[in-house]
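Enquirer: Structure for this input, please:
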Amino acid sequence: MRVLLVEDTMDLADGIIAGFTRSGIVCDLAPTLEAARDSRAVQGYDAVVLDINLPDGSGLRLLREMRGAGDRTPVLMLTALVSVDDRVVALDQGADDYLGKPFDQRELEARLRALVRREAEQKGDTVALGPLRFSPAGMTATLGDDRLDLTGREAALLGLLLRHQGNYLSKTRLYDSLYGFGDADVGVNAIEIYIGRLRKKLAGSGVEIITQRGVGYRIDFEAGAAT
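Expert: Numbers count the residues shown, from 1 in each chain. Got it, this is the predicted structure:
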(Lines give C-alpha, C1' and ligand atoms only; values in the text may rest on other atoms or scores of the structure.)
Protein backbone atom coordinates (compact mmCIF):
# COMPACT_ATOMS: atom_id res chain seq x y z
CA MET A 1 0.00 0.00 0.00
CA ARG A 2 1.26 3.46 -0.89
CA VAL A 3 -0.19 6.40 1.03
CA LEU A 4 0.08 10.17 0.66
CA LEU A 5 0.22 11.88 4.06
CA VAL A 6 -0.76 15.57 3.89
CA GLU A 7 0.35 16.94 7.27
CA ASP A 8 2.41 19.97 8.26
CA THR A 9 3.22 19.06 11.88
CA MET A 10 6.59 17.43 11.34
CA ASP A 11 6.94 15.55 14.63
CA LEU A 12 3.50 14.00 14.13
CA ALA A 13 4.27 13.20 10.50
CA ASP A 14 7.58 11.58 11.42
CA GLY A 15 5.83 9.34 13.95
CA ILE A 16 3.14 8.32 11.47
CA ILE A 17 5.70 7.53 8.77
CA ALA A 18 7.81 5.49 11.20
CA GLY A 19 4.74 3.44 12.10
CA PHE A 20 3.83 2.97 8.46
CA THR A 21 7.35 1.80 7.65
CA ARG A 22 7.18 -0.84 10.39
CA SER A 23 3.88 -2.05 8.94
CA GLY A 24 5.11 -2.23 5.35
CA ILE A 25 3.17 0.85 4.19
CA VAL A 26 5.00 3.16 1.79
CA CYS A 27 4.32 6.81 2.61
CA ASP A 28 5.08 10.08 0.84
CA LEU A 29 4.78 13.27 2.88
CA ALA A 30 3.30 16.54 1.63
CA PRO A 31 3.33 19.39 4.20
CA THR A 32 1.17 21.72 2.08
CA LEU A 33 -1.70 21.58 -0.40
CA GLU A 34 0.66 22.56 -3.20
CA ALA A 35 3.08 19.76 -2.32
CA ALA A 36 0.15 17.32 -2.22
CA ARG A 37 -0.95 18.42 -5.69
CA ASP A 38 2.59 18.00 -7.00
CA SER A 39 2.84 14.47 -5.54
CA ARG A 40 -0.52 13.43 -6.94
CA ALA A 41 0.40 14.79 -10.36
CA VAL A 42 3.19 12.24 -10.72
CA GLN A 43 2.06 9.37 -8.49
CA GLY A 44 -1.11 7.38 -7.81
CA TYR A 45 -1.95 6.36 -4.24
CA ASP A 46 -3.98 3.64 -2.58
CA ALA A 47 -5.18 6.17 0.01
CA VAL A 48 -4.68 9.76 1.19
CA VAL A 49 -4.42 10.82 4.84
CA LEU A 50 -5.41 14.47 4.78
CA ASP A 51 -5.18 17.12 7.52
CA ILE A 52 -7.67 19.98 7.37
CA ASN A 53 -5.62 22.89 8.69
CA LEU A 54 -2.63 23.38 6.40
CA PRO A 55 -0.32 26.39 5.87
CA ASP A 56 -1.74 27.24 2.45
CA GLY A 57 -5.41 26.45 3.03
CA SER A 58 -7.92 23.82 4.05
CA GLY A 59 -7.45 20.17 3.20
CA LEU A 60 -11.12 20.18 2.27
CA ARG A 61 -10.16 22.17 -0.81
CA LEU A 62 -7.95 19.33 -2.03
CA LEU A 63 -10.71 16.85 -1.21
CA ARG A 64 -13.19 18.85 -3.32
CA GLU A 65 -10.68 19.04 -6.18
CA MET A 66 -10.17 15.27 -6.12
CA ARG A 67 -13.86 14.42 -6.05
CA GLY A 68 -14.68 17.09 -8.64
CA ALA A 69 -12.17 15.48 -11.00
CA GLY A 70 -13.71 12.04 -10.45
CA ASP A 71 -10.81 10.77 -8.33
CA ARG A 72 -12.21 8.12 -5.97
CA THR A 73 -8.98 7.45 -4.06
CA PRO A 74 -9.97 6.74 -0.42
CA VAL A 75 -9.40 9.80 1.79
CA LEU A 76 -9.10 9.68 5.56
CA MET A 77 -9.33 13.09 7.22
CA LEU A 78 -6.91 13.47 10.13
CA THR A 79 -7.48 16.59 12.19
CA ALA A 80 -7.85 18.17 15.61
CA LEU A 81 -11.32 19.44 14.63
CA VAL A 82 -13.58 16.84 16.22
CA SER A 83 -17.05 18.40 16.39
CA VAL A 84 -19.96 16.60 14.77
CA ASP A 85 -20.40 19.53 12.36
CA ASP A 86 -16.77 19.24 11.22
CA ARG A 87 -17.13 15.50 10.60
CA VAL A 88 -20.40 15.96 8.71
CA VAL A 89 -18.88 18.61 6.43
CA ALA A 90 -15.86 16.44 5.61
CA LEU A 91 -17.94 13.33 4.95
CA ASP A 92 -20.49 15.22 2.86
CA GLN A 93 -17.70 16.60 0.70
CA GLY A 94 -16.41 13.13 -0.12
CA ALA A 95 -14.18 11.96 2.72
CA ASP A 96 -14.31 8.21 3.34
CA ASP A 97 -13.35 8.30 7.01
CA TYR A 98 -12.42 10.72 9.78
CA LEU A 99 -9.97 10.34 12.67
CA GLY A 100 -9.45 13.01 15.31
CA LYS A 101 -6.16 13.94 16.94
CA PRO A 102 -4.75 12.55 19.17
CA PHE A 103 -5.12 9.03 17.84
CA ASP A 104 -3.59 5.58 18.08
CA GLN A 105 -1.32 4.60 15.19
CA ARG A 106 -2.84 1.12 15.18
CA GLU A 107 -6.30 2.56 14.61
CA LEU A 108 -5.06 4.77 11.79
CA GLU A 109 -3.51 1.79 10.03
CA ALA A 110 -6.58 -0.38 10.62
CA ARG A 111 -8.85 2.28 9.15
CA LEU A 112 -6.61 2.59 6.09
CA ARG A 113 -6.63 -1.17 5.56
CA ALA A 114 -10.43 -1.11 5.81
CA LEU A 115 -10.68 1.66 3.20
CA VAL A 116 -8.40 -0.17 0.77
CA ARG A 117 -10.21 -3.45 1.44
CA ARG A 118 -13.47 -1.93 0.19
CA GLU A 119 -11.95 -1.92 -3.30
CA ALA A 120 -10.81 -5.54 -3.11
CA GLU A 121 -12.86 -8.61 -4.03
CA GLN A 122 -12.20 -10.26 -0.66
CA LYS A 123 -13.47 -8.14 2.23
CA GLY A 124 -12.27 -10.14 5.24
CA ASP A 125 -9.22 -9.49 7.40
CA THR A 126 -7.42 -12.42 5.71
CA VAL A 127 -6.90 -12.79 1.96
CA ALA A 128 -6.95 -16.38 0.71
CA LEU A 129 -5.88 -18.16 -2.45
CA GLY A 130 -5.84 -21.95 -2.41
CA PRO A 131 -3.70 -23.02 0.58
CA LEU A 132 -2.25 -19.52 0.92
CA ARG A 133 -3.52 -17.17 3.64
CA PHE A 134 -2.29 -13.59 4.02
CA SER A 135 -2.94 -11.17 6.89
CA PRO A 136 -2.60 -7.50 5.84
CA ALA A 137 -2.67 -6.42 9.49
CA GLY A 138 0.23 -8.64 10.52
CA MET A 139 1.95 -8.70 7.10
CA THR A 140 2.24 -12.46 7.56
CA ALA A 141 1.34 -15.43 5.40
CA THR A 142 0.82 -19.15 5.83
CA LEU A 143 0.97 -21.87 3.22
CA GLY A 144 -1.09 -24.75 4.51
CA ASP A 145 0.08 -25.25 8.09
CA ASP A 146 3.42 -23.56 7.57
CA ARG A 147 4.19 -19.90 8.07
CA LEU A 148 6.10 -18.32 5.21
CA ASP A 149 9.34 -16.55 6.06
CA LEU A 150 8.86 -13.21 4.30
CA THR A 151 10.78 -9.96 4.36
CA GLY A 152 8.76 -6.75 4.65
CA ARG A 153 8.85 -6.03 0.93
CA GLU A 154 8.12 -9.64 0.00
CA ALA A 155 5.05 -9.49 2.24
CA ALA A 156 3.96 -6.15 0.76
CA LEU A 157 4.36 -7.49 -2.79
CA LEU A 158 2.48 -10.69 -1.99
CA GLY A 159 -0.33 -8.71 -0.37
CA LEU A 160 -0.66 -6.45 -3.40
CA LEU A 161 -0.82 -9.39 -5.82
CA LEU A 162 -3.41 -11.14 -3.66
CA ARG A 163 -5.55 -8.03 -3.32
CA HIS A 164 -5.71 -7.88 -7.13
CA GLN A 165 -5.66 -11.61 -7.79
CA GLY A 166 -6.81 -12.52 -11.27
CA ASN A 167 -5.51 -9.22 -12.65
CA TYR A 168 -2.13 -8.42 -14.14
CA LEU A 169 -0.19 -5.67 -12.38
CA SER A 170 2.61 -3.98 -14.27
CA LYS A 171 6.14 -3.89 -12.93
CA THR A 172 5.81 -0.13 -12.55
CA ARG A 173 2.56 -0.49 -10.57
CA LEU A 174 4.22 -2.95 -8.20
CA TYR A 175 7.30 -0.78 -7.86
CA ASP A 176 5.23 2.30 -7.04
CA SER A 177 3.51 0.44 -4.21
CA LEU A 178 6.76 -0.81 -2.68
CA TYR A 179 9.00 2.24 -2.96
CA GLY A 180 8.55 5.91 -2.13
CA PHE A 181 10.21 9.03 -3.50
CA GLY A 182 13.09 8.51 -1.07
CA ASP A 183 14.00 5.22 -2.76
CA ALA A 184 14.95 6.74 -6.09
CA ASP A 185 18.24 4.81 -6.09
CA VAL A 186 16.33 1.51 -6.35
CA GLY A 187 15.52 0.50 -9.92
CA VAL A 188 12.23 -0.92 -11.09
CA ASN A 189 13.95 -4.20 -11.97
CA ALA A 190 14.20 -4.91 -8.24
CA ILE A 191 10.64 -6.22 -8.60
CA GLU A 192 11.97 -9.16 -10.60
CA ILE A 193 14.17 -10.15 -7.67
CA TYR A 194 11.25 -10.17 -5.24
CA ILE A 195 9.02 -12.03 -7.69
CA GLY A 196 11.72 -14.70 -8.00
CA ARG A 197 11.99 -15.06 -4.22
CA LEU A 198 8.23 -15.39 -3.80
CA ARG A 199 8.05 -18.01 -6.54
CA LYS A 200 10.60 -20.16 -4.70
CA LYS A 201 8.65 -19.88 -1.45
CA LEU A 202 5.38 -20.81 -3.17
CA ALA A 203 6.85 -23.65 -5.25
CA GLY A 204 4.85 -26.88 -5.23
CA SER A 205 1.77 -25.33 -3.60
CA GLY A 206 -0.27 -24.73 -6.73
CA VAL A 207 -0.08 -21.00 -6.07
CA GLU A 208 1.96 -19.38 -8.79
CA ILE A 209 2.93 -15.95 -10.02
CA ILE A 210 2.39 -15.73 -13.77
CA THR A 211 4.31 -13.38 -16.03
CA GLN A 212 2.73 -11.88 -19.12
CA ARG A 213 5.57 -10.30 -21.04
CA GLY A 214 4.96 -6.62 -21.63
CA VAL A 215 1.93 -6.65 -19.32
CA GLY A 216 2.97 -7.65 -15.81
CA TYR A 217 2.38 -10.25 -13.13
CA ARG A 218 -0.65 -11.92 -11.59
CA ILE A 219 -1.08 -14.52 -8.88
CA ASP A 220 -3.23 -17.61 -9.43
CA PHE A 221 -3.97 -21.05 -8.00
CA GLU A 222 -4.02 -24.25 -9.98
CA ALA A 223 -5.29 -27.05 -7.75
CA GLY A 224 -3.90 -29.82 -9.92
CA ALA A 225 -0.40 -28.39 -9.65
CA ALA A 226 -0.17 -28.73 -5.85
CA THR A 227 2.10 -31.48 -4.54
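Enquirer: Surely L60 touches L91?
Expert: No. In this structure, L60 is not within contact of L91 by C-beta atoms under 8 Å, at 10.9 Å. Every residue, glycine included, has its C-beta placed from N, CA and C.
Enquirer: Would you mark the buried spots in the lowest-mean-pLDDT helix or strand in the chain?
Expert: Of all helical and strand segments in the chain, the minimum by mean pLDDT, DSSP states H and E falls on helix 84-92, at a mean of 82. Under the neighbour-count criterion of 16 or more other C-beta atoms under 10 Å, helix 84-92 has D86, R87, V89, A90 buried.
Enquirer: for this structure, what spans make up the strands?
Expert: 2-6, 26-30, 47-50, 53-54, 57-58, 75-79, 97-100, 127-129, 132-135, 140-143, 146-147, 207-212, 216-221 (DSSP state E).
Enquirer: Adding mean neighbour count and mean pLDDT as columns, could you present these in a markdown table?
Expert: Converted to a markdown table, these look like this (neighbours: other C-beta atoms under 10 Å; pLDDT from 0 to 100):
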| stretch | mean neighbour count | mean pLDDT |
| --- | --- | --- |
| strand 2-6 | 24 | 95 |
| strand 26-30 | 22 | 94 |
| strand 47-50 | 26 | 96 |
| strand 53-54 | 18 | 92 |
| strand 57-58 | 14 | 92 |
| strand 75-79 | 24 | 90 |
| strand 97-100 | 18 | 90 |
| strand 127-129 | 18 | 90 |
| strand 132-135 | 19 | 93 |
| strand 140-143 | 18 | 94 |
| strand 146-147 | 10 | 94 |
| strand 207-212 | 16 | 94 |
| strand 216-221 | 19 | 94 |
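Enquirer: Show me where the protein dips below the pLDDT cut-off.
Expert: Counting by pLDDT under 70, the chain shows low-confidence ranges at 81-82, 119-125, 184, 223-227.
Enquirer: Got the domain ranges for it?
Expert: Domain assignment for the chain by automatic domain parsing gives 2-117, 127-225.
Enquirer: Which pair of the buried residues of helix 84-92 spans the longest distance?
Expert: Farthest apart among those by C-beta to C-beta are R87 and V89. That separation is 7.3 Å.
Enquirer: show me what contacts the spatially most central residue of the chain?
Expert: By C-alpha atoms, centre = their mean, the chain has its centre lying nearest to M1, at 1.6 Å. By C-beta atoms under 8 Å, 6 or more residues apart in numbering, the contact list for M1 reads G24, I25, V26, D46, A47, L112, R113, V116, A156, G159, L160, S177.
Enquirer: Return the residues in contact with the fifth one.
Expert: Put plainly, it is A47. Here A47 is in contact with M1, V3, L4, T73, P74, V75, L76, L112, L115, V116 (C-beta under 8 Å, 6+ apart).
Enquirer: what's the answer for the last one, then?
Expert: Going by C-beta under 8 Å, 6+ apart, S177 touches M1, R2, V26, D46, A156, L157, L160.
Enquirer: Apply 7 Å and report the result again.
Expert: S177 is in contact with M1, R2, V26, L160, counting by C-beta atoms under 7 Å, 6 or more residues apart in numbering.
Enquirer: Go through these and name the one nearest T32.
Expert: Comparing the contacts of S177 against T32 with C-beta to C-beta places R2 closest, at 19.6 Å.
Enquirer: Go ahead and confirm that closest one touches L178.
Expert: No. Using C-beta atoms under 7 Å, R2 is not in contact with L178; the gap is 8.0 Å.
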